[in-house]
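[1] Fold the following.
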Amino acid sequence: MPSIMLVGEFGTEDQRRGGMLHFAGALGEALERRLGRQVLNPRKRFSNRNRLAQALSLIVSAVRDRPAVVHQLTSGFDSLLIILLRLCLGFKLVFTVHSLIRTSPALRERTGPLERLRRNLIERIVLPRCDALVAPSETLVSAATACGYSFRHWVVIPHGVDRELLATRPRETAPGRQVLVIGGDWREKGADRIPEILSALSSDERLVWVGELECKSSRAIVERFVRPNLGPAFSVYPPRSRMGIVELLDASDLLLVPSPYESFGLVVLEAAARGVPVLVARTVGAASIVNAFGAGRTCDFSDATSIRSGLQAIRADYTKYSRAALAMGQEHGWGRAAQQYIQIYEQLAP
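    Here you go, the predicted model:
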(Lines give C-alpha, C1' and ligand atoms only; values in the text may rest on other atoms or scores of the structure.)
Protein backbone atom coordinates (compact mmCIF):
# COMPACT_ATOMS: atom_id res chain seq x y z
CA MET A 1 0.00 0.00 0.00
CA PRO A 2 1.48 3.41 -0.97
CA SER A 3 2.06 6.14 1.61
CA ILE A 4 -0.68 8.80 1.59
CA MET A 5 -0.59 12.43 2.66
CA LEU A 6 -3.93 14.10 3.41
CA VAL A 7 -4.13 17.85 2.79
CA GLY A 8 -6.95 20.32 3.29
CA GLU A 9 -8.98 22.34 5.75
CA PHE A 10 -10.19 20.08 8.56
CA GLY A 11 -11.63 22.54 11.05
CA THR A 12 -12.52 21.94 14.67
CA GLU A 13 -15.26 19.66 15.94
CA ASP A 14 -17.54 22.68 16.33
CA GLN A 15 -16.94 23.73 12.71
CA ARG A 16 -17.57 20.27 11.31
CA ARG A 17 -21.38 20.21 11.44
CA GLY A 18 -21.59 19.59 7.72
CA GLY A 19 -20.22 20.39 4.32
CA MET A 20 -16.58 20.21 3.28
CA LEU A 21 -15.07 20.43 6.78
CA HIS A 22 -17.14 17.50 7.96
CA PHE A 23 -16.24 15.53 4.83
CA ALA A 24 -12.51 16.14 5.35
CA GLY A 25 -12.55 15.22 9.02
CA ALA A 26 -14.77 12.15 8.72
CA LEU A 27 -13.06 10.71 5.64
CA GLY A 28 -9.60 11.45 7.08
CA GLU A 29 -10.45 9.54 10.25
CA ALA A 30 -11.82 6.60 8.24
CA LEU A 31 -8.66 6.45 6.12
CA GLU A 32 -6.41 6.58 9.17
CA ARG A 33 -8.33 3.73 10.79
CA ARG A 34 -7.79 1.57 7.70
CA LEU A 35 -4.27 2.55 6.69
CA GLY A 36 -2.66 3.41 10.02
CA ARG A 37 0.94 4.52 9.56
CA GLN A 38 0.56 4.60 5.79
CA VAL A 39 -1.23 7.95 6.28
CA LEU A 40 1.56 10.49 6.61
CA ASN A 41 1.45 13.98 8.10
CA PRO A 42 -1.33 13.39 10.65
CA ARG A 43 -3.97 16.03 10.19
CA LYS A 44 -3.25 19.26 12.05
CA ARG A 45 -5.57 22.14 12.78
CA PHE A 46 -4.39 25.69 12.20
CA SER A 47 -6.20 28.96 12.64
CA ASN A 48 -6.76 31.13 9.58
CA ARG A 49 -4.14 33.50 11.00
CA ASN A 50 -1.43 30.85 10.92
CA ARG A 51 -1.21 30.19 7.19
CA LEU A 52 2.57 30.54 7.07
CA ALA A 53 3.05 27.87 9.73
CA GLN A 54 0.69 25.57 7.86
CA ALA A 55 2.54 26.10 4.57
CA LEU A 56 5.94 25.46 6.16
CA SER A 57 4.65 22.32 7.88
CA LEU A 58 3.29 21.05 4.57
CA ILE A 59 6.58 21.65 2.74
CA VAL A 60 8.67 20.03 5.48
CA SER A 61 6.39 16.99 5.71
CA ALA A 62 6.28 16.45 1.95
CA VAL A 63 10.07 16.72 1.53
CA ARG A 64 10.80 14.55 4.58
CA ASP A 65 8.22 11.79 4.05
CA ARG A 66 8.10 11.66 0.24
CA PRO A 67 4.50 10.44 -0.06
CA ALA A 68 3.52 8.32 -3.05
CA VAL A 69 0.08 9.97 -3.18
CA VAL A 70 -1.17 13.32 -1.91
CA HIS A 71 -4.92 13.65 -1.49
CA GLN A 72 -6.32 17.21 -1.45
CA LEU A 73 -9.54 16.73 0.52
CA THR A 74 -10.74 20.32 0.29
CA SER A 75 -9.83 23.24 -1.95
CA GLY A 76 -7.78 25.70 0.08
CA PHE A 77 -4.95 28.17 0.02
CA ASP A 78 -2.48 25.25 -0.03
CA SER A 79 -3.77 23.85 -3.35
CA LEU A 80 -1.40 25.97 -5.42
CA LEU A 81 1.49 25.05 -3.13
CA ILE A 82 0.67 21.37 -3.59
CA ILE A 83 0.99 21.56 -7.37
CA LEU A 84 4.46 23.14 -7.02
CA LEU A 85 5.52 20.38 -4.63
CA ARG A 86 4.21 17.80 -7.07
CA LEU A 87 6.47 19.18 -9.82
CA CYS A 88 9.45 18.85 -7.49
CA LEU A 89 8.69 15.54 -5.78
CA GLY A 90 6.70 13.64 -8.40
CA PHE A 91 3.91 12.24 -6.22
CA LYS A 92 0.48 11.36 -7.59
CA LEU A 93 -2.22 13.92 -6.83
CA VAL A 94 -5.85 13.10 -5.98
CA PHE A 95 -8.25 16.03 -5.61
CA THR A 96 -11.80 15.84 -4.25
CA VAL A 97 -13.87 18.49 -6.04
CA HIS A 98 -16.85 19.80 -4.05
CA SER A 99 -17.83 22.72 -6.27
CA LEU A 100 -16.71 24.67 -9.33
CA ILE A 101 -17.09 28.39 -9.81
CA ARG A 102 -18.85 28.09 -13.17
CA THR A 103 -21.35 25.45 -12.08
CA SER A 104 -22.91 27.56 -9.30
CA PRO A 105 -24.14 31.13 -9.90
CA ALA A 106 -24.87 31.49 -6.18
CA LEU A 107 -21.27 30.56 -5.36
CA ARG A 108 -19.97 33.25 -7.70
CA GLU A 109 -22.26 35.84 -6.15
CA ARG A 110 -21.26 35.22 -2.55
CA THR A 111 -17.47 35.05 -3.10
CA GLY A 112 -15.32 38.16 -3.17
CA PRO A 113 -12.78 39.05 -5.87
CA LEU A 114 -9.81 37.42 -4.09
CA GLU A 115 -11.72 34.21 -3.44
CA ARG A 116 -12.87 34.04 -7.08
CA LEU A 117 -9.27 34.60 -8.20
CA ARG A 118 -8.05 31.78 -5.96
CA ARG A 119 -10.73 29.42 -7.23
CA ASN A 120 -10.05 30.31 -10.86
CA LEU A 121 -6.33 29.67 -10.40
CA ILE A 122 -7.03 26.26 -8.86
CA GLU A 123 -9.43 25.32 -11.65
CA ARG A 124 -7.05 26.46 -14.41
CA ILE A 125 -3.70 25.38 -12.96
CA VAL A 126 -4.23 22.62 -10.38
CA LEU A 127 -7.21 20.52 -11.45
CA PRO A 128 -6.02 19.83 -15.03
CA ARG A 129 -2.75 18.45 -13.61
CA CYS A 130 -4.29 16.03 -11.12
CA ASP A 131 -4.01 12.28 -11.59
CA ALA A 132 -7.55 11.71 -10.31
CA LEU A 133 -10.45 14.08 -9.73
CA VAL A 134 -13.13 12.75 -7.39
CA ALA A 135 -16.68 14.09 -7.51
CA PRO A 136 -19.38 13.15 -4.99
CA SER A 137 -21.98 12.67 -7.72
CA GLU A 138 -22.59 12.43 -11.45
CA THR A 139 -24.48 15.72 -11.06
CA LEU A 140 -21.23 17.61 -10.51
CA VAL A 141 -19.47 15.85 -13.41
CA SER A 142 -22.36 16.61 -15.76
CA ALA A 143 -22.54 20.23 -14.64
CA ALA A 144 -18.79 20.62 -15.14
CA THR A 145 -19.01 19.23 -18.67
CA ALA A 146 -21.99 21.43 -19.50
CA CYS A 147 -20.11 24.52 -18.27
CA GLY A 148 -17.15 23.85 -20.53
CA TYR A 149 -14.70 22.19 -18.15
CA SER A 150 -12.64 19.55 -19.92
CA PHE A 151 -11.04 17.79 -16.94
CA ARG A 152 -10.01 14.17 -17.33
CA HIS A 153 -9.76 11.33 -14.81
CA TRP A 154 -13.14 11.84 -13.10
CA VAL A 155 -14.15 9.26 -10.49
CA VAL A 156 -17.48 9.42 -8.65
CA ILE A 157 -17.44 8.47 -4.95
CA PRO A 158 -20.50 9.45 -2.89
CA HIS A 159 -19.98 10.92 0.55
CA GLY A 160 -20.67 8.92 3.71
CA VAL A 161 -22.49 9.23 7.01
CA ASP A 162 -21.25 8.74 10.56
CA ARG A 163 -22.12 5.29 11.89
CA GLU A 164 -23.16 6.64 15.28
CA LEU A 165 -26.06 8.45 13.62
CA LEU A 166 -27.69 5.21 12.45
CA ALA A 167 -31.08 4.46 13.98
CA THR A 168 -31.63 0.96 15.30
CA ARG A 169 -34.83 0.39 13.30
CA PRO A 170 -36.97 2.10 10.64
CA ARG A 171 -40.05 4.05 11.60
CA GLU A 172 -43.46 2.41 11.67
CA THR A 173 -45.30 5.73 11.59
CA ALA A 174 -44.48 9.40 11.14
CA PRO A 175 -43.85 11.16 14.49
CA GLY A 176 -45.99 14.20 13.68
CA ARG A 177 -46.83 16.65 10.92
CA GLN A 178 -43.49 18.47 10.71
CA VAL A 179 -41.30 18.75 7.61
CA LEU A 180 -37.74 20.00 7.89
CA VAL A 181 -35.35 21.97 5.69
CA ILE A 182 -31.72 22.29 6.77
CA GLY A 183 -30.57 25.11 4.57
CA GLY A 184 -29.26 28.61 4.80
CA ASP A 185 -29.52 32.02 3.27
CA TRP A 186 -27.95 31.09 -0.06
CA ARG A 187 -30.18 30.71 -3.08
CA GLU A 188 -28.42 27.44 -3.83
CA LYS A 189 -30.04 26.05 -0.66
CA GLY A 190 -33.49 26.89 -2.00
CA ALA A 191 -34.59 29.72 0.31
CA ASP A 192 -36.51 31.30 -2.56
CA ARG A 193 -38.66 28.13 -2.79
CA ILE A 194 -40.25 28.64 0.63
CA PRO A 195 -43.50 30.05 -0.86
CA GLU A 196 -43.97 27.00 -3.10
CA ILE A 197 -43.23 24.63 -0.20
CA LEU A 198 -45.74 26.38 2.05
CA SER A 199 -48.36 26.26 -0.69
CA ALA A 200 -47.84 22.50 -1.03
CA LEU A 201 -48.26 21.69 2.66
CA SER A 202 -51.54 20.58 4.18
CA SER A 203 -53.23 22.87 6.67
CA ASP A 204 -52.04 20.75 9.60
CA GLU A 205 -48.40 20.50 8.47
CA ARG A 206 -45.59 22.63 9.84
CA LEU A 207 -42.40 23.70 8.05
CA VAL A 208 -39.20 24.17 10.05
CA TRP A 209 -36.29 25.91 8.32
CA VAL A 210 -32.88 25.61 9.99
CA GLY A 211 -30.32 28.21 8.93
CA GLU A 212 -29.82 31.91 8.54
CA LEU A 213 -32.38 33.88 6.55
CA GLU A 214 -30.73 37.26 6.51
CA CYS A 215 -30.66 38.54 2.92
CA LYS A 216 -33.28 41.00 1.72
CA SER A 217 -35.32 38.48 -0.26
CA SER A 218 -35.36 35.99 2.62
CA ARG A 219 -36.43 38.62 5.13
CA ALA A 220 -39.23 39.56 2.75
CA ILE A 221 -40.39 35.93 2.70
CA VAL A 222 -40.42 35.79 6.49
CA GLU A 223 -42.32 39.07 6.73
CA ARG A 224 -44.85 37.90 4.15
CA PHE A 225 -45.53 34.37 5.32
CA VAL A 226 -44.57 33.97 8.96
CA ARG A 227 -45.93 36.93 10.84
CA PRO A 228 -49.14 37.93 9.02
CA ASN A 229 -50.50 34.61 7.79
CA LEU A 230 -49.10 31.36 9.08
CA GLY A 231 -48.01 31.80 12.67
CA PRO A 232 -46.79 28.43 13.99
CA ALA A 233 -47.02 26.77 10.54
CA PHE A 234 -43.55 28.09 9.63
CA SER A 235 -40.60 28.44 12.00
CA VAL A 236 -37.04 29.60 11.33
CA TYR A 237 -34.39 28.20 13.66
CA PRO A 238 -30.77 29.40 13.79
CA PRO A 239 -28.05 26.89 12.82
CA ARG A 240 -27.97 23.94 15.20
CA SER A 241 -25.19 21.81 16.61
CA ARG A 242 -24.78 18.33 15.22
CA MET A 243 -26.84 16.75 18.00
CA GLY A 244 -29.39 19.51 17.66
CA ILE A 245 -29.87 18.54 14.03
CA VAL A 246 -30.34 14.89 15.03
CA GLU A 247 -33.05 15.93 17.51
CA LEU A 248 -34.85 17.93 14.80
CA LEU A 249 -34.62 15.02 12.36
CA ASP A 250 -36.07 12.67 14.95
CA ALA A 251 -38.99 15.06 15.50
CA SER A 252 -39.69 15.48 11.76
CA ASP A 253 -41.62 13.33 9.32
CA LEU A 254 -39.59 14.24 6.25
CA LEU A 255 -36.55 16.18 5.15
CA LEU A 256 -36.90 18.51 2.17
CA VAL A 257 -33.85 19.46 0.09
CA PRO A 258 -34.99 22.23 -2.29
CA SER A 259 -31.54 23.31 -3.52
CA PRO A 260 -31.67 24.23 -7.23
CA TYR A 261 -28.12 22.84 -7.45
CA GLU A 262 -25.95 20.98 -4.97
CA SER A 263 -23.05 18.68 -5.78
CA PHE A 264 -24.16 16.14 -3.18
CA GLY A 265 -25.98 17.09 0.05
CA LEU A 266 -24.62 15.36 3.16
CA VAL A 267 -27.80 16.09 5.06
CA VAL A 268 -29.64 13.61 2.82
CA LEU A 269 -27.53 10.76 4.21
CA GLU A 270 -27.84 12.10 7.76
CA ALA A 271 -31.62 12.06 7.47
CA ALA A 272 -31.55 8.57 5.95
CA ALA A 273 -29.41 7.34 8.84
CA ARG A 274 -32.23 8.35 11.20
CA GLY A 275 -34.82 6.61 9.02
CA VAL A 276 -36.26 9.91 7.78
CA PRO A 277 -37.55 9.81 4.17
CA VAL A 278 -36.44 12.68 1.95
CA LEU A 279 -37.99 14.80 -0.78
CA VAL A 280 -35.11 16.05 -2.90
CA ALA A 281 -34.78 18.41 -5.84
CA ARG A 282 -33.81 16.53 -8.99
CA THR A 283 -30.75 18.75 -9.35
CA VAL A 284 -29.23 17.67 -6.02
CA GLY A 285 -26.34 15.23 -6.38
CA ALA A 286 -27.70 12.78 -3.81
CA ALA A 287 -30.97 12.45 -5.77
CA SER A 288 -29.58 9.52 -7.76
CA ILE A 289 -28.93 7.36 -4.70
CA VAL A 290 -32.28 8.40 -3.19
CA ASN A 291 -33.96 7.05 -6.32
CA ALA A 292 -31.76 3.95 -6.38
CA PHE A 293 -32.69 2.98 -2.81
CA GLY A 294 -36.26 4.27 -2.92
CA ALA A 295 -35.46 6.34 0.19
CA GLY A 296 -37.77 9.17 -0.84
CA ARG A 297 -38.91 11.04 -3.91
CA THR A 298 -37.56 13.73 -6.20
CA CYS A 299 -39.55 16.72 -7.37
CA ASP A 300 -39.46 20.16 -8.95
CA PHE A 301 -39.45 22.65 -6.07
CA SER A 302 -40.49 25.48 -8.36
CA ASP A 303 -43.87 23.74 -8.72
CA ALA A 304 -46.12 23.41 -5.66
CA THR A 305 -48.05 20.61 -7.34
CA SER A 306 -44.87 18.56 -7.81
CA ILE A 307 -43.93 19.11 -4.16
CA ARG A 308 -47.42 18.14 -2.97
CA SER A 309 -47.36 14.97 -5.09
CA GLY A 310 -44.02 13.92 -3.60
CA LEU A 311 -45.17 14.56 -0.04
CA GLN A 312 -48.37 12.61 -0.53
CA ALA A 313 -46.56 9.65 -2.12
CA ILE A 314 -44.17 9.36 0.83
CA ARG A 315 -46.91 9.72 3.45
CA ALA A 316 -49.03 7.09 1.67
CA ASP A 317 -46.34 4.41 2.22
CA TYR A 318 -44.29 5.93 5.00
CA THR A 319 -42.88 2.76 6.55
CA LYS A 320 -41.55 1.54 3.18
CA TYR A 321 -39.72 4.81 2.57
CA SER A 322 -38.34 4.90 6.11
CA ARG A 323 -37.03 1.35 5.75
CA ALA A 324 -35.37 2.21 2.43
CA ALA A 325 -33.88 5.41 3.89
CA LEU A 326 -32.28 3.53 6.77
CA ALA A 327 -30.88 0.94 4.32
CA MET A 328 -29.34 3.78 2.30
CA GLY A 329 -27.72 5.22 5.41
CA GLN A 330 -26.36 1.82 6.43
CA GLU A 331 -24.86 1.30 2.97
CA HIS A 332 -23.10 4.67 2.83
CA GLY A 333 -20.80 4.81 5.84
CA TRP A 334 -17.51 6.68 5.67
CA GLY A 335 -15.68 3.36 5.75
CA ARG A 336 -17.20 2.49 2.37
CA ALA A 337 -16.07 5.80 0.90
CA ALA A 338 -12.59 5.36 2.38
CA GLN A 339 -12.24 1.93 0.76
CA GLN A 340 -13.11 3.39 -2.64
CA TYR A 341 -10.45 6.07 -2.21
CA ILE A 342 -7.92 3.43 -1.20
CA GLN A 343 -8.59 1.65 -4.50
CA ILE A 344 -7.68 4.87 -6.33
CA TYR A 345 -4.44 5.21 -4.34
CA GLU A 346 -3.45 1.63 -5.16
CA GLN A 347 -4.17 2.12 -8.87
CA LEU A 348 -2.06 5.28 -9.03
CA ALA A 349 0.88 3.98 -6.97
CA PRO A 350 0.82 0.16 -6.95
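[2] contact partners of stretch 330-347?
    Residues outside stretch 330-347 that contact it (CB atoms under 8 Å, 6 or more residues apart in numbering): 1-2, 4, 26-27, 29-31, 33-35, 68-69, 71, 92, 94, 132, 134, 155, 157-163, 166, 269, 272-273, 289, 293. Heads up, the C-betas are built off the backbone N, CA and C, glycines and all.
[3] Hmm, A26 is touching R163, no?
    No: taking contacts as CB atoms under 8 Å, A26 lies outside contact range of R163: 10.1 Å.
[4] the more surrounded of these two?
    More neighbours surround A26 than the other of A26 and R163, with 21 against 13 (other CB atoms under 10 Å).
[5] A helix includes the more buried one, no?
    Yes: applying DSSP: H, G, I helix; E, B strand; the rest coil, one finds A26 inside a helix.
[6] For it, give its distance to V276.
    20 Å (CB to CB, to the nearest Å).
[7] Then G183?
    16 Å.
[8] of the two, who's got more company?
    Remark: of G183 and V276, V276 carries more neighbours, 30 against 23, as counted by other CB under 10 Å.
[9] you'd agree the more buried one is in a helix?
    No: V276: not assigned to a helix; according to three-state DSSP it is coil.
[10] Only the buried residues of stretch 166-184, if you could.
    Neighbour-count burial for stretch 166-184, counted by 16 or more other CB atoms under 10 Å, picks out A167, P170, R171, A174, Q178, V179, L180, V181, I182, G183, G184.
[11] Over to stretch 301-315?
    F301, A304, S306, I307, R308, S309, G310, L311, I314, R315.
[12] And for stretch 146-159?
    For stretch 146-159, by 16+ other CB under 10 Å, it's Y149, F151, W154, V155, V156, I157, P158, H159.
[13] just these now: which is nearest L84?
    F151 (19.7 Å; CB to CB).
[14] That closest one against L127, yeah?
    Yes: look at F151 against L127 with CB under 8 Å: they come within range, at 5.6 Å.
[15] got a list of what F301 touches?
    F301 is in contact with G190, R193, E196, I197, L256, P258, P260, A281, I307, counting by CB under 8 Å, 6+ apart.
[16] Work out for me the element it sits within.
    Following DSSP states H and E, there is no helix or strand that holds F301.
[17] Next one: it from R193, what distance?
    4 Å.
[18] what residues are up against F151?
    So, once contact is read as CB under 8 Å, 6+ apart, F151 ends up touching L127, P128, C130, L133, A144.
[19] any low-confidence regions in this protein?
    With pLDDT under 70 as the threshold, the chain has low-confidence stretches at 10-21, 41-50, 106, 184-188, 212-232.
[20] Would you mind splitting it into its domains for me?
    Listed by automatic domain parsing, the domain ranges of the chain are 4-160+333-348, 163-331.
[21] Make sure T305 is indeed in a helix.
    Yes: judged by three-state DSSP, T305 forms part of a helix.
[22] Okay, it and R323: tell me how far apart.
    On the measure of CB to CB, T305 and R323 end up 27 Å apart.
[23] picking that back up, ranking the domains of the chain by burial, who's on top?
    Greatest average neighbour count among these goes to domain 163-331 (a mean of 19), per mean count of other CB atoms under 10 Å.
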